[in-house]
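**Q** give me the fold of what follows.
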Amino acid sequence: MEQHFKDLIVWKKAMDLVADVYRVTDSFPKREVYSLTDQIRRAAVSVPSNIAEGQAHFSKAEFLHFLRHSCGSLAELETQLLLAERLEYTDHAKAEVLLRQVVEVGKLLNGLINSLEK
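**A** Just a heads-up that it's a prediction; the model follows:
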C-alpha cells in the first residue's frame, strides 16, 4: 500500500462527485439546508473521506473496512438523490448526471475491493 490515496482514481472520481453534489444542492430549497441538503452533502463527502482514511491505515483489512463504508455512503447518497428528484428539488437531467457518477464510483470501489480481497 505504498500508493497515496490522492493517486487513486476512485478517490479522484469521488471528489468530483462531491463537488458536483455541492453545485446541484446549492439550488435546493433553503428550508432543506439543515435536512436533505445536509444529508446529501454528508453522504457524498463520506465517500472519498473513507477511502482516504482507510488507505492511510496501511492495513489491507482496515482499508477494506473503510472502502465498504464508502460503498454504504454511496448507497445512501443514491437514495437521497432519488428522493431529491422525486421531491422536484432538482431536475431529471441533473439527477441523472449525479447518479451516473454514483454508478461509476461504485464500480471503481467494487473493483478496488475485489482486487484487495485476492
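
**Q** quick one: the helices in the protein?
**A** 9-25, 36-56, 60-86, 92-117 (DSSP state H).

**Q** tell me which of those helices sits most buried.
**A** Most buried of those, by mean neighbour count (mean count of other Cβ atoms under 10 Å): helix 36-56, with a mean of 21. In this view, the C-beta of every residue, glycine as well, is placed from N, C-alpha and C.

**Q** that older thread, out of the helices of the chain, flag the one nearest Q3.
**A** When the helices of the chain are compared by Cβ to Cβ, helix 36-56 sits nearest Q3, at 7.5 Å.

**Q** what's the angle between the closest one and helix 9-25?
**A** Using axes from the mean of the first three to the mean of the last three Cα atoms, to 10 degrees, the inter-axis angle of helix 36-56 relative to helix 9-25 is 170 degrees.

**Q** residues in contact with helix 36-56?
**A** Helix 36-56 is touched from outside by 1, 3-6, 8, 10-11, 14-15, 17-18, 21-22, 25, 28, 62-67, 69-70, 73-74, 76-77, 80-81, 83-84, 87, 89, 105, 109, with contacts defined as Cβ atoms under 8 Å, 6 or more residues apart in numbering.

**Q** what's the average pLDDT for that helix?
**A** For helix 36-56, mean pLDDT is 97.

**Q** how far does it sit from its chain's centre?
**A** Helix 36-56 has its C-alpha centroid displaced from the chain centroid by 6 Å (Cα atoms, centre = their mean, to the nearest Å).

**Q** send me it as PDB with only the CA atoms.
**A** Output in PDB follows, covering the C-alpha atoms of helix 36-56 (Å, rounded to 0.1, in the frame of the first residue of the first chain):
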ATOM      1  CA  LEU A  36     -31.900  16.700   3.000                       C
ATOM      2  CA  THR A  37     -29.200  19.100   1.600                       C
ATOM      3  CA  ASP A  38     -27.000  18.500   4.600                       C
ATOM      4  CA  GLN A  39     -27.600  14.700   4.500                       C
ATOM      5  CA  ILE A  40     -26.800  14.500   0.800                       C
ATOM      6  CA  ARG A  41     -23.600  16.500   1.200                       C
ATOM      7  CA  ARG A  42     -22.500  14.500   4.200                       C
ATOM      8  CA  ALA A  43     -23.100  11.200   2.400                       C
ATOM      9  CA  ALA A  44     -21.100  12.500  -0.600                       C
ATOM     10  CA  VAL A  45     -18.200  13.800   1.500                       C
ATOM     11  CA  SER A  46     -18.100  10.500   3.400                       C
ATOM     12  CA  VAL A  47     -17.200   8.500   0.200                       C
ATOM     13  CA  PRO A  48     -13.700  10.000  -0.500                       C
ATOM     14  CA  SER A  49     -13.100  10.600   3.200                       C
ATOM     15  CA  ASN A  50     -13.500   6.900   4.000                       C
ATOM     16  CA  ILE A  51     -11.300   6.000   1.000                       C
ATOM     17  CA  ALA A  52      -8.600   8.400   2.300                       C
ATOM     18  CA  GLU A  53      -8.900   7.300   5.900                       C
ATOM     19  CA  GLY A  54      -8.800   3.600   5.100                       C
ATOM     20  CA  GLN A  55      -5.800   3.900   2.800                       C
ATOM     21  CA  ALA A  56      -3.900   5.900   5.500                       C
END
